[in-house]
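S.K.: below: sequence and its predicted model.
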Amino acid sequence: MLILNSINCPPCGFSNIVKNGHTHSGKQNFKFIDGHRQFVQNPRYQTISEETTELIDRLLLEKIS
């Protein structure tokens, strides 16, 4: 297992990561050594914020009611 210390996780800065294949779009996928999380170094799309997720959930509940 080759540990990549030159690459850090964008959200937390943790550096003990290994390569973990590629995404469907061809970007290199990385994972933490403990295997509980994976990420792409320069993601094309950003994750949805917690506030936006809550708004979507609220709007869906109002539509159902």
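M.R.: Ah, there it is. Numbers count the residues shown, from 1 in each chain.
S.K.: pull the helix or strand with minimum mean pLDDT from the chain.
M.R.: strand 38-40 (a mean of 82; mean pLDDT, DSSP states H and E).
S.K.: and that strand, what other elements does it pack with?
M.R.: strand 28-32 (3 or more Cβ pairs under 8 Å, 6 or more residues apart in numbering; DSSP states H and E). In short, each C-beta sits where N, CA and C put it, glycine included.
S.K.: direction included, what does the strand it packs on pair up with?
M.R.: strand 17-22 (antiparallel), strand 38-40 (antiparallel) (DSSP bridges).
S.K.: please identify the most buried of those.
M.R.: strand 38-40 (a mean of 16; mean count of other Cβ atoms under 10 Å).
S.K.: run through who's touching that one.
M.R.: 9-11, 20, 23, 27-32 (Cβ atoms under 8 Å, 6 or more residues apart in numbering).
S.K.: and after it, which helix or strand comes next?
M.R.: Per DSSP states H and E, strand 38-40 leads on to helix 50-64 as the next helix or strand towards the C-terminus.
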